[in-house]
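1. Got a sequence here, can you build the structure:
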Amino acid sequence: MFENIQDESRGNRKSENIENNKIEGKSKGENAESHFPDESNAPKPEISDQQPQTLNLKPETENMEVHKHSHHVTHKKKWGEYVLEFLMIFLAVTLGFIAENMRENIAERSREKEYIKSIIEDLRNDTLNLAWLGREEDSINHSIDTVLLYYNDFGNPSNLALNRNIYSLLGYPVFTYTDRTIQQLKNSGGMRLIKNRAAANDITKYDNNVRNLQNNAAFVDNYFQFLTQQRISVISMQVVEKDYSLKPAEQIKQNNQSYLITNNPEMLIKFKSSIYELARYHSHDRSNQQEVKQQATDLISILNKEYHLK
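-> Numbering: from 1, shown residues only. Purely as a prediction, here's the structure:
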């Protein structure tokens, strides 16, 4: 009986403990609710419908295709491939050759134009020199004609016209050819740069005519030296120059002293004949000068037109 009473007391204590635990649990729940507000109205996180992706770690070599190179060591070329390669190489070399030729042609055209400009400048100098030479030649020819006209009074101080024109027998004008550009073209083989054949032919023709003019002038100069030897044997130019530089005309006319060194008729006739020949050479040379001058003027116009120069 005593044991039954103990069992009942134990059972009562257990039930009390259970009831106390329930009461404590309720109080704790109420406290928790007071500390933490109701989250029913809080926004809920969106839940994605997408499924997490899984990485495929399989090697990609399974999807790779193996291509065989056309130039594999075991590959045999067809004749068409050789022809194609040859054509490509030939085309590349040809295009390079054409490009180089074009570059050289452009450079040569530029050099050609510079040479033409220089030739035109030389031609202008020639025309100026020929114009001066022509005036000198005309004056000399006129003086020689006067000497021949009054030659019978040769040595007579009273014939002022004759004695003043004797000075035409003392000198001979020389033409200076401006050939710097043409000589440069000839020496360096640069005449090939003149692509305009008509212009090149005219330049060459002009150069040849000037050379002929110089040869004629050289012949006249040699003849003039021969005439000088005759002159110093026939007339005393020292006395003539003294009179005409110091004395007035009226005083010269009163001078009875002859200017002749010799009265030998044969020498006087030979000297007159030599003067006449000199006049012929001068006249022929003057005609050549006019022709060359006109040719130079025409050539300037042609070159300006052909090369579009001002």
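2. What separation do you get for residue 309 and residue 121?
-> Taken as CB to CB, to the nearest Å, the spacing of residue 309 relative to residue 121 amounts to 11 Å. Where C-beta positions appear, they are placed from N, C-alpha and C, glycine not excepted.
3. Helix or strand with the lowest mean pLDDT in this structure?
-> For the chain, the helix or strand with the lowest mean confidence is helix 2-35, at a mean of 47 (criterion: mean pLDDT, DSSP states H and E).
4. Tell me which helix or strand comes right after it.
-> Downstream of helix 2-35, the first helix or strand assigned by DSSP states H and E is helix 79-149.
5. Just list what that following helix packs against, helices and strands only.
-> Counting contacts by 3 or more CB pairs under 8 Å, 6 or more residues apart in numbering; DSSP states H and E, helix 79-149 is packed against helix 160-165, helix 180-187, helix 197-234, helix 265-306.
6. Out of those helices, which is the most enclosed?
-> Ranked by mean neighbour count, the helices and strands packed on helix 79-149 are led by helix 160-165 with a mean of 18 (mean count of other CB atoms under 10 Å).
7. burial of residue 168, as a residue count?
-> Per other CB atoms under 10 Å, the neighbour tally for residue 168 reads 21.
8. Apart from its chain neighbours, what residue comes closest to it?
-> The spatially closest residue to residue 168, leaving aside those adjacent along the chain, is residue 143, at 3.2 Å (CB to CB, 6 or more residues apart in numbering).
9. likewise residue 302?
-> Of all residues beyond its chain neighbours, the one nearest residue 302 is residue 202 (6.0 Å), with distances taken as CB to CB, 6+ apart.
10. Then residue 272?
-> Leaving aside its sequence neighbours, residue 272 is closest to residue 151 (5.2 Å, by CB to CB, 6+ apart).
11. wait, what's in contact with that neighbour?
-> If a contact means CB atoms under 8 Å, 6 or more residues apart in numbering, then residue 151 has 162, 272, 275 as its contacts.
12. Please report the distance of the last one from residue 237.
-> To tie it back to what came earlier, the one meant is residue 275. In this structure, residue 275 and residue 237 are 14 Å apart, going by CB to CB.
13. again, but for residue 89
-> In terms of CB to CB, residue 89 sits 85 Å off from residue 237.
14. what does residue 244 give?
-> In this structure, residue 244 lies at 10 Å from residue 237, with CB to CB as the measure.
15. wait, which of the contacts of residue 151 is closest to residue 288?
-> Within the set of the contacts of residue 151, residue 275 lies nearest residue 288; the separation is 20.6 Å, counting by CB to CB.
16. Touching, that closest one and residue 150? I think so.
-> No: with contact defined as CB atoms under 8 Å, residue 275 does not reach residue 150; the gap is 11.7 Å.
17. quick one: least confident of the contacts of residue 151?
-> Summarising pLDDT for the contacts of residue 151: the lowest-scoring member is residue 162, with 90.
18. OK, contacts around that one?
-> Shown in contact with residue 162 (CB under 8 Å, 6+ apart): 146-147, 150-151, 153-154, 156.
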